[in-house]
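Novice: Have a look; sequence and predicted model below, questions after that.
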Amino acid sequence: MRTRTTLAIVVALTLVGAALRLPTLDRQSFWLDELVTASLLDHGLGDVLREIPRTESTPFVYYAVAWVWSSLFGVGEVGLRTLSALAGTATIPVAYGAGAVLVSRRAGLVAAALVATNPFLVWYSQEARSYALLALLGAASVLAFGLALRRGTSWLVAWAALSALALATHYFAVFLVAAEALWLLLRLRPRRPAILASLVPAATLVAHVPLVLAQRDNAEAVAGSSLADRIAGIPKDLAVGYSFPAEALGSAVAALLLVVGVALLARAGPSEWRGALLAGSLAVVAILTPVVLALVGADYLIARNTIAAVVPAAVCVGAGYATGRLGLVAATALCVLSAGAALAPNLDTSYGRTDWRGAAAALDAPAAGTRAIVVTPFMSRTLWRPYLPDLREPGPDGATVDEIAALGLATEGGFSSGRVEPPEVGAPLPVDGFRVVHVVREPTYTLVLYRAKRPTFVPMSTLTALALTDEQPGVLLQGS
């Protein structure tokens, strides 16, 4: 394939990936973790860096870059998410490079197409967290790793720098970087350059030990679902993302198409087969190592932490698809299916993120005096600030209010559980001195509004009993 044609295809695939990521950045609300990011970045850089050990469970690089970015473009949904969207878009040509170096140009093009449309990568390209940057730096480390193997040890400098940056972005990068380092040490001769290069990410990891210890109690909760469910869900999530219409059928078709790609590796030539096996091995190690650690008790396993495995996996499967017409047809079918699954959350909010923005809009009308908001799941007033900036805490005994808004958000969507479903409301609980004036059940939240004729004191026990789900609610005050 001619270089100019290859370049044109890579550019076209990058534009397709950008079209899936950029135009719909504001279609979904910030979800809880993104609201944490927005709250954190709405301070000076020094304050951000001081807060990370206390509140976060990842290193500094993403937050430092995002702070600079938000200083230029703001902390709104588009402003913050554009950084991730551009990182996700940049991952596409990097995936091509990794595939071209490790396998062939054709395999690189197929890998780029898979990455451009991958629903999991698109999802995190539209999230104001560190995962899209981790995927980009992980892909870049795979590219530099391949160049060091194929074109000489001068590329070890780039590999060392990119690997260190990946580790300083997310701790789970260690599994991919360690696998690359081990292979470089085994394969390259003389061995000394590989040893020196490996010392850079190793030193980066050691330097982060104090931060890891400071953050050990901040690690994200993963106990909401069983370890077995999380392990079983990782391949599905990495392949086709979270929730989308006809999810079971779509997931089965995608699995079949991926099996076709892997089976077609038998047709690859020796060099292409070895490169594909190497890329696939990196992906397997990046996934299986944290699985094993979780099984022995160090359980931080969740699909998004393994996002760096997607690009080497795409290179491996892309090598099979690149072997002939059948493979290209299967790859095209998978890309079409993937693009549809990637678009679904932005076209139908019932497959998207928790809709804090929509819930806030329902509460944005002026209250008839003071309003108590009883919300599940709980969220602090600090995190509400991007959508409802003037909330305050009630006293421990209760509050004197004119209105009560019982609000329940649908929170189970987006994690392979189908459409989100807001709480069902039968007969709203009565409250002395109040009458129900409004009940609404939107696709992403349920709201019950009570109103009194005059300011009325409501005990905290009465307020919390109005929660629309079994979760512990938050109680906040709004208005005068």
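Specialist: Thanks, I have it. Numbers count the residues shown, from 1 in each chain.

Novice: Residue ranges of each domain in this protein, please.
Specialist: Using automatic domain parsing, the domain parsing of the chain gives 3-348, 356-479.

Novice: Which residue ranges of the stretch 101-250 of the chain form strands?
Specialist: Counting by DSSP state E, counting those that start in this stretch, no segments of the stretch 101-250 of the chain form strands.

Novice: Give the residue spans of it that score low on pLDDT.
Specialist: By pLDDT under 70, the low-scoring segments of the stretch 101-250 of the chain are 219-224.

Novice: what about 50?
Specialist: Within the stretch 101-250 of the chain, no range satisfies pLDDT under 50.

Novice: Now do the same contact list for the nearest residue to residue 305 once chain neighbours are set aside.
Specialist: Closest residue to residue 305 in three dimensions, ignoring its sequence neighbours and counting by CB to CB, 6 or more residues apart in numbering: residue 172, at 4.4 Å. Glycine gets a C-beta too; all of them are placed from N, C-alpha and C. Neighbouring residues of residue 172 by CB atoms under 8 Å, 6 or more residues apart in numbering: 134, 286, 290, 300, 305-306, 308.

Novice: Residue 172 and residue 90: what is the separation?
Specialist: The spacing between residue 172 and residue 90, counted by CB to CB, to the nearest Å, is 20 Å.

Novice: Residue 364 too?
Specialist: Counting by CB to CB, the gap from residue 364 to residue 90 is 37 Å.

Novice: Could you do residue 460 as well?
Specialist: Counting by CB to CB, the gap from residue 460 to residue 90 is 50 Å.

Novice: again with residue 397
Specialist: 54 Å.

Novice: Those two: which is more packed in?
Specialist: More crowded of residue 397 and residue 90, by other CB atoms under 10 Å: residue 90, with 20 against 10.

Novice: Quick check: chain neighbours aside, which residue is closest to that one?
Specialist: residue 136 (5.6 Å).

Novice: Show the contacting residues for the most centrally placed residue in the chain.
Specialist: The centroid of the chain falls nearest to residue 124 when counting by CA atoms, centre = their mean (3.8 Å). By CB under 8 Å, 6+ apart, residue 124 lies in contact with 84, 88, 131-132, 135, 304, 307.

Novice: now that we have these, which one has the most neighbours?
Specialist: Neighbour tally across these (other CB under 10 Å): the maximum, 33 neighbours, falls on residue 135.

Novice: And the nearest residue to that one once chain neighbours are set aside, how close does it get to residue 278?
Specialist: Excluding the flanking residues, the one nearest residue 135 by CB to CB, 6+ apart is residue 307, at 4.9 Å. Applying CB to CB, the value for residue 307 to residue 278 is 20 Å.

Novice: now swap in residue 315 and tell me
Specialist: Following CB to CB, the distance that separates residue 315 from residue 278 is 9 Å.

Novice: Could you tell me which residues touch both of these two?
Specialist: residue 102.

Novice: Of these two, which one has the most company?
Specialist: More neighbours surround residue 315 than the other of residue 315 and residue 278, with 35 against 22 (other CB under 10 Å).

Novice: That one and residue 142 touch, don't they?
Specialist: Yes - here residue 315 reaches residue 142: they are 7.5 Å apart, a contact under CB atoms under 8 Å.

Novice: Now do the shared contacts for those two.
Specialist: Joint contacts of residue 315 and residue 142 (CB under 8 Å, 6+ apart) are 98, 102, 279.

Novice: quick one: which of those residues is most hemmed in?
Specialist: Neighbour-wise, those (other CB under 10 Å) top out at residue 98, 34 neighbours.

Novice: Against which helices or strands is the helix or strand that contains that one packed?
Specialist: Using DSSP states H and E, residue 98 sits in helix 77-102. With contacts taken as 3 or more CB pairs under 8 Å, 6 or more residues apart in numbering; DSSP states H and E, helix 77-102 sits against helix 3-21, helix 32-41, helix 61-73, helix 105-117, helix 119-125, helix 131-151, helix 270-295, helix 310-321.

Novice: Taking helix 131-151 as reference, get the angle to that helix.
Specialist: Interaxial angle, helix 77-102 versus helix 131-151 (axes from the mean of the first three to the mean of the last three CA atoms, to 10 degrees): 20 degrees.

Novice: Report the buried residues of helix 77-102.
Specialist: Counting neighbours by 16 or more other CB atoms under 10 Å, one finds that the buried residues in helix 77-102 are 77, 79-102.

Novice: try stretch 243-256
Specialist: If you call a residue buried by 16+ other CB under 10 Å, then stretch 243-256 has these buried ones: 243-244, 247, 250-251, 254.

Novice: Nearest to residue 422 among the residues you listed?
Specialist: Nearest to residue 422 out of the buried residues of stretch 243-256 is residue 243 (CB to CB; 15.1 Å).

Novice: so what's that closest one closest to, chain neighbours aside?
Specialist: Among residues not flanking residue 243 along the chain, residue 351 sits closest, at 4.7 Å (CB to CB, 6+ apart).
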